[in-house]
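[1] sequence plus predicted model, see below.
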Amino acid sequence: MQTEQLTSKDELEYYLVVHPLDDVPEQKLKSDHLAPMEMTSSVRWSLVALRLYLILMMGLFMYHVCDLAGQVVMKR
Amino acid sequence: MNQGAENGAIDRFQDPPRGIRVKSPWLRNLLTFFMVLGPGLIVMEADNDAGAVSTYTQAGGQYGLHLLWLMFLLLPVCYFIQEMVVRLGIATGKGHAAMIYERFGKWWGRFSLFDLLLVNFLTLVTEFAAISLATQQMGINPYFSVPIAAVLLVCHVLSGSYKRWERITCILCLLDITWFVMACFSHPSPSSVLGYAFVPNVPPGGITPNLVFVVIAIVGTTIAPWQLFFQQSCVADKRLRFADLKWARLDTLFGACFTVMVAGAMIIVGNVSHQHGLTYEDPAKMADAILPFTNGFVRNAILLMFCNAAVLGTTAISLSSAWAWSETRGWKHSLSMSFKDAPGFYSIYGICTLLAASIVLIPGAPLQLIILGVQVLAGIILPSAIIFLQLLLNDHKLLGDRWVNRRWNNVVNWTIIVVLFALSLILAAQVMVPSLFPSNS
């Protein structure tokens, strides 16, 4: 918590605002012990869609390279 | 699940941390916001880099104010994507590249990292090309200005203080207010600006391939792949706490609003060129071309802000590469560390920056090919990076019920992802197979 309601001797209330870098480090959610993400249907379909997209992009790229190579040959 | 992980058992009353004491809750909130402010503003504003200045001024130069409404539409898109990154960064305290490695395995991890580093490096070259272009227009030799800029950018991160880096970078971001002044000097009609900003419309001439290209370029410029990696790593480096989430969201929203307004101002400045029938080439040439219709201040400010955009883009993009690489290699990676403590992290930053600057100085370097490469690679990496982000934010084992996406989050985000996939595909097809599309009008 970056702010804390404190009470001094004369009962005067104040808040302590601390910069994150000056604060005591917080314990975050641990992920080191977890196995890789479970392949639920939504995860599987998302990754399949991503693979198809990447294959399509590679296909476009190869076409572009062949097209450029063809233009170079034609110029010669 | 990591229930209760935020109960970090911090007994701070025994050894209270340094801080500022305030009496008013209102002042406490304001101070907390200013302390958290930074990653959101920087990631959004750095996205208005040299390429963005070119795209937005080109949109104004070719289509006047007709595409202003797109910026209004892109505001929630920017925010929702980056908000997920903030949540993931605060919850795990780790960067995006590290999370992809951990949760999707080495293959997808290496793919994302390689793609990110490549597209980032090519983008850096375009940033230095912009510095070269703008300084040349100001009468400064690029062989002097580009190396100086590169060295200053390396020195900027080497202080070993995150806070110092953030303050200086935030000041550079806020310098973009100058675009508002320039927009005022271009004397647009307020009613026209408001009308075009909030009412979607198609420019005269209808939907042409060139219009489609400019629209996709605007979308691609507004949401870049490196932003996901940068903000999550930045949030982790700043060690934002669970309680900072609402302020980090506000920071991101503030950054998104500011960035979109600055982008709108760039379109308004570009509109001067359109109003007087000038042919748009690039921002530096536009600055000279519109001089007779504005004043010397606008001309010089465009050139300086073009440089500022490139500087902001360079520092953020180089850092996203350095953070991503170091996270996956297990190296120490923090702006709060000195070079001695994190040599690998700073070396990656320095190598990326200096190498990109030196490529620009090579006579006859294939800059057009590099720009094309950036467009294609960004089209490949953006949808994949967002897919991983969306899947990570639905990972109950990792995040527990508190931090995962809500149903409405998923509806909004999947819609954004599908649209981005389609736009990226069209852009890539247009760049790589132009024969599929009718010639530009």
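    Received the coordinates, thanks.
[2] for residue B:262, give me its contacts.
    B:45, B:48, B:176, B:179, B:180 (Cβ atoms under 8 Å, 6 or more residues apart in numbering or on different chains). The C-beta positions use only the backbone N, C-alpha and C, and glycine is treated the same way.
[3] hmm, who's touching the helix or strand where the last one lies?
    The reference is to residue B:180. In this assignment (DSSP states H and E), residue B:180 forms part of helix B:178-185. Applying Cβ under 8 Å, 6+ apart, the external contacts of helix B:178-185 come out as B:261-262, B:264-266, B:268-269, B:294-295, B:297-298, B:301-302, B:304-305.
[4] tell me which two in those residues are the farthest apart.
    B:261 and B:295 (22.3 Å; Cβ to Cβ).
[5] which elements pack onto the longest helix seen in chain B?
    The longest helix of chain B (DSSP state H) is helix B:96-137. Judged by 3 or more Cβ pairs under 8 Å, 6 or more residues apart in numbering or on different chains; DSSP states H and E, the packing partners of helix B:96-137 are helix B:50-63, helix B:68-92, helix B:142-157, helix B:225-237, helix B:283-289, helix B:296-329, helix B:343-360, helix B:367-392.
[6] related to what we said a few turns ago, settle it for me: which of residue B:261 and residue B:295 has more neighbours?
    Shown here are residue B:261 and residue B:295; by other Cβ atoms under 10 Å in any protein chain shown, residue B:261 has more neighbours (19 against 13).
[7] find the nearest non-adjacent residue to that one, please.
    residue B:180 (7.4 Å; Cβ to Cβ, 6 or more residues apart in numbering or on different chains).
[8] ok, that neighbour to residue B:262 distance?
    Distance of residue B:180 to residue B:262, given as Cβ to Cβ, to the nearest Å: 8 Å.
[9] just give me the least confident of the contacts of residue B:262.
    Taking the contacts of residue B:262 together, the minimum pLDDT is found at residue B:48 (91).
[10] pretty sure that residue contacts residue B:176?
    Yes. Counting by Cβ atoms under 8 Å, residue B:48 does reach residue B:176; the two are 6.6 Å apart.
[11] what do the two both touch?
    B:262, B:309.
[12] who has more neighbours, these two?
    The residue with more neighbours, out of residue B:48 and residue B:176, is residue B:48; 28 against 22, by other Cβ under 10 Å.
[13] and that one, which of the three is it?
    Assigned with DSSP: H, G, I helix; E, B strand; the rest coil, residue B:48 falls in the coil class.
[14] all helices of chain A, in order?
    Using DSSP H, the helices found in chain A span residues A:41-75.
[15] sketch out the low-pLDDT regions of it for me.
    Flagging of chain A using pLDDT under 70 yields the residue ranges A:1-12, A:76.
[16] and which of the contacts of residue B:262 is nearest to residue B:241?
    Within the contacts of residue B:262, proximity to residue B:241 (Cβ to Cβ) peaks at residue B:45, which comes in at 23.8 Å.
[17] can you give me the neighbour number for the residue lying closest to the closest one once chain neighbours are set aside?
    Distance criterion Cβ to Cβ, 6+ apart; nearest residue to residue B:45, sequence neighbours excluded, is residue B:173 at 3.8 Å. Using other Cβ under 10 Å, residue B:173 has 24 neighbouring residues.
[18] now residue B:200
    Here the number of neighbours of residue B:200 (other Cβ under 10 Å) works out to 12.
[19] so it: helix, strand or coil?
    Under three-state DSSP, residue B:200 comes out as coil.
[20] for the closest residue to it other than its chain neighbours, which residues are in contact?
    Excluding the flanking residues, the one nearest residue B:200 by Cβ to Cβ, 6+ apart is residue B:69, at 4.7 Å. When contacts are counted by Cβ under 8 Å, 6+ apart, residue B:69 touches B:196, B:197, B:198, B:199, B:200, B:201.
[21] and the pLDDT for residue B:69?
    92.
[22] just the one 10 residues further on next, same as before
    pLDDT, the model's per-residue confidence, is 93 for residue B:79.
[23] does it touch residue B:253 like I think?
    Yes. Between residue B:79 and residue B:253 there is a contact at 5.6 Å, judged by Cβ under 8 Å.
[24] residue B:25: neighbour count?
    Neighbours of residue B:25 (other Cβ under 10 Å): 12.
[25] residue contacts, it?
    Contact analysis of residue B:25 by Cβ under 8 Å, 6+ apart lists residue A:15.
[26] look up how far residue A:14 lies from it.
    10 Å.
[27] cool, and residue A:43?
    Taking Cβ to Cβ, one finds residue A:43 at 49 Å from residue A:14.
[28] rewinding a little: winner for burial among the helices and strands packed on helix B:96-137?
    Among those, helix B:225-237 has the highest mean neighbour count (mean count of other Cβ atoms under 10 Å in any protein chain shown), at a mean of 28.
[29] following that one, which helix or strand shows up next?
    Assigned by DSSP H and E, the successor of helix B:225-237 is helix B:245-275.
[30] with adjacent residues omitted, what lies nearest to residue B:50?
    Among residues not flanking residue B:50 along the chain, residue B:130 sits closest, at 3.2 Å (Cβ to Cβ, 6+ apart).
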